[in-house]
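Chemist: Sequence below, structure please.
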Amino acid sequence: MHTHILGFPRIGKNRELKRALESFWKNEIPEHELLEKSDQIRRENWRIQSDAGLSLITTGDFSLYDHVLDTAVMLGSIPKRFRQSLSESGLKGYFDMARGNAQKDVPAMEMTKWFNTNYHYIVPELSKNLDQGRSNIVEETRKAASLGYNPKPVLLGPITFLTLGHAESESMRWGLLDHILETYIQKIRELSGICEWIQIDEPVLCTDMSSGAKSSAPEAWKALKKSSGDAKLMLATYFGPLEDNLESALDPGFDALHTDMSRPRETERLLQNLPQKTSLSAGVVNGRNIWKTDFKSVCSHLGDIAERIGTERLLIGSSCSLLHCPVDIAGEKQLDPAIKDWMAFAVQKCAEISYLGEAAQGNENEKTNTANQKSVSARRSHPRVKVEKIRKRCRDVDENMLNRTSDFIKRREKQDLRLPLFPTTTIGSFPQTAQIRSNRLKYKKGRLNREEYRHFIKNEIKGIVRKQENIGLDVLVHGEPERNDMVEYFGQNLEGFCFTENGWVQSYGSRCVKPPVIYGDIHREKPITVDWIKYAQSLTSRPIKGMLTGPVTMAGWSFVRDDLPRSEVCKQLALYLRDEIKDLETAGIRIIQVDEAAFREGLPLKRKDWEEYLSWATKIFRLATSGVSDETQVHTHMCYSKFNSIIKWIAEMDADVISIECSRSKMNLLEVFREFRYPNEIGPGVYDIHSSRIPSEEEMYSLLEKALQYIPKENLWINPDCGLKTRDWAEAEASLDNMVKAALRLRKEHAK
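Modeler: Next up is the predicted model:
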């Protein structure tokens with residue numbers, strides 16, 4: 001029996017990769033130093049897996065930016081605008097693909113969410129003209145073997161890669177398959193002499209596969225299997241059940257099939273159809289949460305499987321890559337010990353898999369018995385009286401609480417905000433400078449008292465408001481200098497949340513997030529944002545937006561308790577927000593934005609399950625936002641939404657204004673409005689904030705002209721794609737200045 005994981009976090013225990021990357025981008029360290037640091041992290045990841053007792057050590061899962069981008073480079077699927085820089089400057093050219101090149105005015109490739117997670121991948125730009133590919137996976141695997149490990153390299157599969165890419169047509173997309181298979185076959189042949197197992201990741205199997213993918217997959221996978229030589233091929237799927245794709249997964253005759261069994265739904269059907277020569281890799285340890293595995297339940301499940309197919313055909317692993325959870329719980333010194341004892345990060349999950357392997361083979365020992373005793377099924381919560389009060393309020397929600405008093409047309413007549421045509425605004429956050437981060441840390445460590453810190457934040461807000469006025473924005477924000485994170489900040493002011501010190505997870509590239517942990521029932525003791533927003537409004541006659549994070553996004557970007565349905569957790573969050581929004585309105589704030597950036601990422605992977613999720617998620621948003629008067633304008637924001645397929649539900653949210661990411665797609669996301677008339681107002685993002693590149697006035701003007709082909713001029717707002725927290729002030733001011741100039745130009749023309 002083998003034990004393994006599908007992948008390990010890349011960032012290092014102390015975010016060493018983040019620091020090395022950002023130093024390299026600033027020209028503070030040379031390329032060889034970055035590569036040395038990445039090699040250290042990679043070797044440490046192998047050591048951790050080996051020390052935990054895993055029999056297979058995963059290679060090829062490390063990346064300097066993104067594994068999908070790495071696959072594109074391996075296959076030579078490199079956009080023409082990057083080929084020269086990649087050829088001449090190596091790593092710098094590679095990073096240009098992900099981040100753009102401001103000096104050469106070259107835009108980055110598009111980035112979007114990885115299936116239904118909060119990880120972002122670089123979207124391949126598929127082309128018939130493939131360049132020469134390059135990859136280090138063979139060298140990395142050979143190095144792991146030389147160190148005495150039993151390596152299991154992982155490759156993102158060809159069907160998933162082509163499915164995720166942008167293509168001119170479906171025929172062109174699948175016409176590329178034979179070309180890229182040549183590279184896959186070459187790599188598999190090279191790897192087969194080094195390792196026992198090779199993992200081919202095809203998470204697309206857990207989605208509604210296109211007809212092209214379904215028809216192309218079996219023969220493509222058979223070609224890979226034929227090339228594997230003495231190595232065994234494992235077809236790996238994750239994030240959901242196979243359901244109607246089970247036959248496609250079993251048909252090619254791979255040596256093993258890995259499935260996500262963190263929530264077993266189809267084990268019986270899988271075992272009935274599993275060929276006699278095929279092993280089963282059971283992903284029983286959840287790679288997407290931070291809770292310990294319920295050993296009693298999982299051991300029983302594995303025992304049933306082993307009884308059916310034998311332990312010699314059983315592998316035990318993580319449900320998916322551990323990329324989606326923090327590295328090591330050992331670094332957490334401040335957590336309540338009782339809560340900490342419920343948790344397992346990547347290092348601990350490796351040990352759990354090893355323990356489960358021992359138990360499944362009947363080799364239970366002191367370690368496995370201890371792990372079993374510590375697995376937790378119950379969660380601590382508030383005192384019973386408070387729990388009952390919170391849950392009664394949830395039960396008492398009725399349909400009247402889900403609707404605004406009037407429809408949008410009547411509301412707009414009452415919202416006399418005196419804004420010009422094509423009003424300009426931002427999404428909320430402004431640059432988090434080194435001084436802001438430094439003073440926040442000083443305050444946290446007691447080196448600044450409360451009054452000193454509040455005085456500093458007020459001065460920051462004052463400066464941010466003045467900058468926006470000077471730029472000429474119409475609707476201002478306070479800039480969020482007091483907030484460390486759009487979810488964590490609110491969680492720190494609510495009961496039912498706790499926070500880690502080092503629970504960092506990669507979001508994209510060097511960008512890491514530290515998700516809050518929702519462990520109990522959620523309650524707000526007092527208003528959270530009112531004082532800061534009210535202060536900002538006192539500084540200007542222009543409207544200030546109140547900025548809040550929506551309930552679905554708060555849950556989506558947190559590690560959520562597993563003893564309540566997610567919809568119930570979101571309902572508790574919505575009720576707290578309903579109170580906060582009402583308090584902002586009472587304080588005189590006329591525009592309130594409730595960001596639901598994660599609304600679409602919570603979408604189930606199978607379309608048949610969409611309606612159930614979208615129905616409750618839409619109602620949750622309306623529960624949070626419908627307690628205000630008609631005179632208050634409610635905004636929401638969605639980034640990386642690919643919202644075309646759910647536009648009906650977004651309209652059902654009934655926000656007065658929605659802002660969406662659109663610039664990297666060149667406004668192509670708006671094509672849906674040719675058939676669906678969106679009833680309310682909309683702000684399609686006119687520039688990409690994830691790149692340091694400063695877009696010109698002409699570029700943004702052209703995008704706005706294109707947007708007007710889809711959106712009536714009286715409904716069009718102008719804003720960036722997302723918040724400006726990660727940019728510096730020079731970039732932010734220059735870009736916003738050009739944005740306002742483009743808006744004024746458009747306004748002048750349409751005034752005629």
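Chemist: name the element the spatially most central residue of the chain belongs to?
Modeler: By CA atoms, centre = their mean, the mean C-alpha position of the chain lies nearest to N118, the distance being 1.4 Å. For N118, there is no enclosing helix or strand under DSSP states H and E.
Chemist: do the same with the one 10 residues further on
Modeler: Secondary structure assigned from DSSP H and E places K128 in neither a helix nor a strand.
Chemist: Could you do V387 as well?
Modeler: In the assignment (DSSP H and E), V387 maps to helix 384-395.
Chemist: ditto for L704
Modeler: L704 belongs to helix 697-707, assigned by DSSP H and E.
Chemist: which helices and strands does that helix pack with?
Modeler: Contact partners of helix 697-707 among helices and strands, from 3 or more CB pairs under 8 Å, 6 or more residues apart in numbering; DSSP states H and E: helix 729-751. C-betas here are computed from N, CA, C, even on glycine.
Chemist: Tell me which residues of the helix it packs on come out buried.
Modeler: 731-733, 735-736, 738-747 (16 or more other CB atoms under 10 Å).
Chemist: can you check stretch 86-103 too?
Modeler: Neighbour counts over stretch 86-103 (16+ other CB under 10 Å) mark L86, G93, Y94, F95, D96, M97, A98, R99, G100, N101 as buried.
Chemist: In strands, which of those residues fall?
Modeler: Members of the buried residues of stretch 86-103 lying in strands (criterion: DSSP state E): none.
Chemist: one step back: would you check how far apart the residue lying closest to the residue nearest to the centre of the chain once chain neighbours are set aside and E596 are?
Modeler: Nearest residue to N118 in three dimensions, chain neighbours excluded: W557, at 5.8 Å (CB to CB, 6 or more residues apart in numbering). Going from W557 to E596 by CB to CB, to the nearest Å gives 11 Å.
Chemist: can you check D521 too?
Modeler: To E596, D521 is 22 Å away according to CB to CB.
Chemist: So what does N719 look like in phi/psi?
Modeler: As for N719, its main-chain torsions (degrees, to the nearest 10) stand at phi -160, psi 160.
Chemist: just to revisit the earlier point, for the helix holding V387, packing partners?
Modeler: The contact analysis (3+ CB pairs under 8 Å, 6+ apart) places helix 384-395 against strand 517-523, helix 566-586.
Chemist: Mind giving me the packing neighbours of the one helix or strand Y121 maps to?
Modeler: Counting by DSSP H and E, the element that carries Y121 is strand 120-122. Packing contacts for strand 120-122, counted by 3+ CB pairs under 8 Å, 6+ apart, involve helix 67-75, strand 111-113, strand 505-508.
Chemist: And this structure, split by domain according to the record?
Modeler: Split into domains by automatic domain parsing, the chain comes to 2-374, 389-402+428-467+483-624.
Chemist: Would you confirm that I122 contacts D66?
Modeler: Yes. Using CB atoms under 8 Å, I122 is in contact with D66, at 4.9 Å.
Chemist: And the helices in the stretch 451-600 of the chain?
Modeler: Secondary structure of the stretch 451-600 of the chain by DSSP state H, counting those that start in this stretch: the helices cover 488-491, 530-538, 551-556, 566-586.
Chemist: Flag every buried residue along the longest one.
Modeler: Residues 566-567, 569-578, 580-585 are the ones in helix 566-586 that count as buried (16+ other CB under 10 Å).
Chemist: Name the surrounding residues that touch stretch 701-715.
Modeler: 421-422, 662-663, 666-667, 670-671, 673-674, 678, 680-682, 684, 686, 716, 718, 742-743, 745-746, 750 (CB atoms under 8 Å, 6 or more residues apart in numbering).
Chemist: Which of the helices and strands packed on strand 120-122 sits closest to Y149?
Modeler: Y149 lies closest, by CB to CB, to one member of these: helix 67-75, at 20.0 Å.
Chemist: For the closest one, C-alpha coordinates in CSV please.
Modeler: Listed next in CSV are the C-alpha coordinates belonging to helix 67-75 (Å, rounded to 0.1, in the frame of the first residue of the first chain):
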residue,chain,number,x,y,z
HIS,A,67,1.6,25.4,-12.3
VAL,A,68,-0.8,26.1,-15.2
LEU,A,69,1.7,28.8,-16.5
ASP,A,70,4.5,26.2,-16.0
THR,A,71,2.5,23.7,-18.1
ALA,A,72,2.0,26.3,-20.9
VAL,A,73,5.8,27.0,-20.9
MET,A,74,6.5,23.2,-21.0
LEU,A,75,4.2,22.8,-24.0
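Chemist: For stretch 466-485, buried residues please.
Modeler: Neighbour-count burial for stretch 466-485, with 16+ other CB under 10 Å as criterion, is recorded at 467-468, 471, 473-485.
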